[in-house]
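A.B. asks: Using only what follows, build the 3D model:
(one chain, ligands or ions: 1)
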Amino acid sequence: MNVHWMNSSDSLSNYKGEEAVKFTKGLMHAVNYDLAKNAKMLLPRRNTTPLIPTQYRMVLAGRPGDAGDEGIYFHYDDELCYYVHKGKNANLFDRKVIQRYGIQLDTVLNIFIMPHHPDSVVSTTYQPGGVGVALGAAVKIAGPYENPKMTFWDIRGVFNHEIGHIYSLSHTWAYNDGCDDTPLHPQDCFGPNDRPGCDTLMSNNFIDYSAVQNAWTPVRSAKSTSE
Ligand SMILES: [Zn+2]
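C.D. replies: The predicted structure follows:
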């Protein structure tokens with residue numbers, strides 16, 4: 001995979017330089033840590049679903065033949081750098097940034113880390129949190145820069161989640177995702193302490209929405225969605 005740090009032309013809207021490189025490498029470590037560790041699936045309660053090792057890891061890939069290219073890129077573009085997750089100006093499904101800046105799109109997974117739009121950030125109804133979307137062989141992610149306390153550990157769940165969509169996995173909760181070992185559930189417990197009962201109802205599957213996305217189950221799916 002490679003990582004594109006999108007920024008405004010004044011370079012004030014996202015991490016850059018050594019700080020961004022460090023974040024990228026930390027994120028690789030955190031993502032692979034969860035993949036290697038693979039937690040037991042929490043749902044259904046008292047399940048006997050086997051825990052087996054995951055068979056993929058993330059590796060940064062620069063362009064072949066260019067020893068100085070480690071697969072981390074910086075782009076300054078006031079028109080295409082921003083991510084809007086919700087509202088009338090939502091652009092999460094827009095692929096222009098991928099078409100303009102994607103590198104080795106036919107062989108390498110391209111990750112775009114984008115700032116939330118400043119107009120969204122000042123809105124009281126918009127949450128500029130850690131979010132993302134999978135589009136073909138690329139992923140758009142937003143959130144780290146607007147949340148200075150958010151480390152690469154905090155965004156690793158979103159990252160693995162979106163890559164799950166790239167690998168054609170669907171959300172588990174709302175409909176049949178094609179996997180017998182990811183049960184339907186209400187998806188109303190983000191954390192174990194959200195309300196009474198969540199301590200036993202929260203999912204930890206990486207393709208669910210929750211505070212903990214670190215369980216990969218054995219069954220493969222044939223279906224897919226993207227957000
Ligand atoms: Zn999703």
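A.B. asks: Now tell me what touches stretch 57-70 from outside.
C.D. replies: 1-3, 21, 24-25, 28, 31-32, 35-36, 71-72, 103-104, 107-108, 163 (C-beta atoms under 8 Å, 6 or more residues apart in numbering). Heads up, the C-betas are built off the backbone N, CA and C, glycines and all.
A.B. asks: who are the neighbours in contact with Gln207?
C.D. replies: Residue 207: Ile, not Gln. His161, Gly164, His165, Leu169, Ser170, His171, Thr172, Asp177, Thr182, Gln213.
A.B. asks: Out of the contacts of stretch 57-70, which end up buried?
C.D. replies: Buried members of these, scored by 16 or more other C-beta atoms under 10 Å, are 1-3, 21, 24, 28, 31-32, 35, 71-72, 104, 108, 163.
A.B. asks: How about Tyr82, nearest residue that isn't a chain neighbour?
C.D. replies: Of all residues not flanking Tyr82 in the chain, His117 sits nearest, at 4.1 Å (C-beta to C-beta, 6 or more residues apart in numbering).
A.B. asks: Distance of the one you found relative to Gly68?
C.D. replies: 32 Å (C-beta to C-beta, to the nearest Å).
A.B. asks: In terms of neighbours, single out the busier of those two.
C.D. replies: His117 (22 against 6; other C-beta atoms under 10 Å).
A.B. asks: Give me the residues contacting the helix or strand hosting Ile141.
C.D. replies: Using DSSP states H and E, Ile141 falls within strand 138-142. Strand 138-142 is contacted by residues 83, 85, 92, 95, 97-98, 102, 105, 109-116, 128, 130-133, 155, 158-159, 162-163, 166 when judged by C-beta under 8 Å, 6+ apart.
A.B. asks: what about the strands in the protein?
C.D. replies: Per DSSP state E, the chain carries strands over the ranges 2-7, 72-76, 110-114, 131-135, 138-142.
A.B. asks: how far away is the closest residue to Asn2 other than its chain neighbours from Met202?
C.D. replies: In space, and not counting its chain neighbours, Asn2 is closest to Gly71: 3.8 Å by C-beta to C-beta, 6+ apart. Counting by C-beta to C-beta, the separation of Gly71 from Met202 is 35 Å.
A.B. asks: Could you list the low-pLDDT ranges of this protein?
C.D. replies: Counting by pLDDT under 70, the low-confidence segments of the chain come to 220-227.
A.B. asks: From the centroid of it, which residue is nearest?
C.D. replies: For the chain, the residue nearest the mean C-alpha position is Phe159 (2.4 Å; C-alpha atoms, centre = their mean).
A.B. asks: can you pull the contacts of the spatially closest residue to that one that is not a sequence neighbour?
C.D. replies: Setting aside the residues directly before and after it, Phe159 is nearest to Val31 in space (C-beta to C-beta, 6+ apart), at 5.4 Å. Neighbouring residues of Val31 by C-beta under 8 Å, 6+ apart: Met58, Arg156, Phe159, Asn160, Ile163.
A.B. asks: Isn't the fourth one up against Tyr33?
C.D. replies: When you say that, I think you mean Asn160. No. With contact defined as C-beta atoms under 8 Å, Asn160 does not count as touching Tyr33 (10.3 Å).
A.B. asks: Regarding the protein, what is its longest helix?
C.D. replies: If you go by DSSP state H, the chain has its longest helix at helix 17-37.
A.B. asks: could you give the angle of that one to strand 138-142?
C.D. replies: Helix 17-37 runs at 110 degrees relative to strand 138-142, counting by axes from the mean of the first three to the mean of the last three C-alpha atoms, to 10 degrees.
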